[in-house]
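> attaching a predicted model along with its sequence, questions to come.
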Amino acid sequence: MYENVELKVDLIVDGDMMGGRRYYVGVDVGTYSVRAALVAANGRLEATSAKAISVWEPSVDVYEQSSDEIWSAVCKVVKDVTQDISPSEVRGLGFDATCSMVLLDKNFKPAAANDGEISDHNVILWMDHRALDQAKRINETNHRVLRNVGGTISPEMQLPKLLWLKQNLPNHWKNYGHFFDLPDFLTWKATGSLSRSLCSLVCKWTYQTDGESAAWDPTIFTQLGLDDLVDEDFFKIGQKVMAPSCACGEGLSTEAAELMGLTAGTPVASSIIDAHAGGIGTLGCRPKVTETTLEALPLASVSITSKLALICGTSTCHMIVSEKPIFVKGVWGPYFSAMVPHLWLNEGGQSATGKLLDHIIECHPAKGWVTSEAESREIHVYSLLNEVLEFMAKRENLRSVSLLSSAYHVWPDYHGNRSPLANPSLRGMISGLSLSSDTDDLAIKYLATMQALIYGTRHIIESMKTAGHSIDVVYICGGLVKNELFVQLNADILGLPVVIPDTKDCVLLGSAILAACASDDFADIKEAMAAMSGCGKVLFPKVEDKEYHQRKYKVFLNMMSHQQLYGDIMSGKTEGVEKL
């Protein structure tokens, strides 16, 4: 059984015991940076700080980081955001991070994730695909744990990575002492507690819970030859499991407190994965209704189980909760209490979204001009490309920029398909290339890629609905929310209203909500979400573009079928040729 899963019931009214100010610190470790926010009890972000962290790519699809560098950055950004207040005003800390794997030896020192001697390269980044063969082997077992990952385990999850480490680094394997999900590593560094978050373990490590009991399933580990983890009673991967937001250990350790400039004993919440923090920080947001947006009024009464949260950054996660477990082929989950207490979570995803858009720009000959022009005007390169698209649409007398891509089509799975096909071997495709290499060409390629990513989201939503989910509205957060065209295209292509929270950063807010619960200032996550999430702007679909996107979506699905067909042909399957 996991501990502390019961939720707190004591609510402290606004203002702390001494009548002073109440603040919470939320920390987010993303793919390329560590960020922190000082958050007030009403959810307002009072101060933020960020520090870049390194990502090493020693070979294709292999990505590594340093846990020491990450922790140093965490301490710095926390100190930055709290420097102008008294440490006693910080009621709690909450951590979220990518679902990367941290490797430590038996003395809690960094242990290399490769066969080199660089021990501080000890984090296998979430998007690392070194364990493709191991994931395939696990899927061939058809083990019962696969039912909770949409039927197919991803190489981005931790069980394939554990198997890869044992098979490829046998000398290192015997010296490994601890395997942490990155969010749990942070709470250990902050408190000294070896507890693990239920969120990380059920979502990424095949830990099993049905809402009544929870435990590791030893049979999958034994079947894969990972018996040693079972023999040690799972000590290396987690014995004490806690629901997100429960207080870890005795709070902030003396050492961590000194590094952060805070008070020892400050409550630290059991952690959560970054996308899930975004879900918590987003789904409590109330649609803003004004005299000019009365059509948003019905959205205020939509149940949380009919809201889809899109957390859009380097990758995109599609989060939806339900009262009862719903199994969706190719979509992760259902996971009990992994995000919102007592609700089941399903999680769709795309492994490269912001990263793909950046890749499209980085690889184009027009990159130099658009980058320098955007820098000179102090705007984002996406904003510049959006302006170019507007100019092109006016020049060609088109009613919408979307129509510019009518002869240009993209299949966006450059880094494999996470959902709903669950096929990491799929690759990107483009139809409509010409000899052009100017800014207009880059703008159309960028537009078509954005559209393709959102057609991918539509594909995921359709799979969720077919399985039994009801989706009436989309809530969107993350770095890509700053791209107004991207957000509007989501509404247009999905045919659903989209809510954009007013808060500057929903992921950091989500971590702060965990901190608020750990401090006992709120009874549970749901109550803290209601008090701290604020309001959001609503965008509605442009009806005039509906038929256009329907045709483009049909092309999108055909591109998927064609890629699978080409694979059949190249593998010698004659039925593929007959289909042509």
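All right, it came through fine.

> tell me what the helix or strand containing Lys554 is packed against?
Assessed by DSSP states H and E, Lys554 sits inside helix 546-570. Under the contact criterion of 3 or more Cβ pairs under 8 Å, 6 or more residues apart in numbering; DSSP states H and E, helix 546-570 touches strand 409-411, strand 429-431, helix 439-467, helix 484-494, helix 574-579. Glycine gets a C-beta too; all of them are placed from N, C-alpha and C.

> now it: average pLDDT?
Looking at helix 546-570 alone, the average pLDDT works out to 95.

> about what we covered before: for Trp216, which of the helices and strands packed on helix 546-570 is the nearest?
Trp216 sits nearest to helix 439-467 of all the helices and strands packed on helix 546-570, at 26.7 Å, using Cβ to Cβ.

> one step back: deepest of the helices and strands packed on helix 546-570, which one?
Mean neighbour counts were taken over the helices and strands packed on helix 546-570 using mean count of other Cβ atoms under 10 Å, and the top value, a mean of 24, falls to strand 409-411.

> circling back to that earlier point, Val538: which of the helices and strands packed on helix 546-570 is closest?
Here helix 484-494 is closest among the helices and strands packed on helix 546-570 (Cβ to Cβ), at 9.1 Å.

> ok, now how distant is the residue lying closest to Met529 once chain neighbours are set aside from Thr82?
Leaving aside its sequence neighbours, Met529 sits nearest to Gly284 (Cβ to Cβ, 6 or more residues apart in numbering; 3.1 Å). Distance of Gly284 to Thr82, computed by Cβ to Cβ, to the nearest Å: 24 Å.

> residues touching the closest residue to Ser315 other than its chain neighbours, list them.
Distances taken as Cβ to Cβ, 6+ apart place Ser351 nearest to Ser315, at 5.3 Å, with adjacent residues excluded. The neighbours of Ser351, taking Cβ atoms under 8 Å, 6 or more residues apart in numbering as the test, are Met127, Glu156, Ser315, Asp413, His415, Gly416, Asn417, Arg418.

> of those - the most surrounded one?
Within these, most neighbours by other Cβ atoms under 10 Å means Arg418, with 30 neighbours.

> which residue is the nearest non-sequential neighbour of it?
Sequence neighbours aside, Gly349 is the residue nearest to Arg418 in space, at 4.2 Å (criterion: Cβ to Cβ, 6+ apart).

> still on that earlier bit, who's more crowded, Gly284 and Thr82?
Taking Gly284 and Thr82 together and counting by other Cβ under 10 Å, Gly284 has the greater number of neighbours (27 against 23).

> just the strands in the stretch 1-150 of the chain please.
Using DSSP state E, counting those that start in this stretch, the strands of the stretch 1-150 of the chain run over residues 23-29, 33-40, 45-52, 56-59, 62-65, 90-97, 101-105, 123-124.

> all helices of the stretch 101-250 of the chain, in order?
If you assign secondary structure with DSSP state H, counting those that start in this stretch, the helices in the stretch 101-250 of the chain sit at 132-140, 158-168, 170-173, 182-191, 198-204, 218-223, 227-231.

> report the buried residues of the shortest one.
Applying a neighbour-count criterion of 16 or more other Cβ atoms under 10 Å, the buried positions in helix 170-173 are His172.
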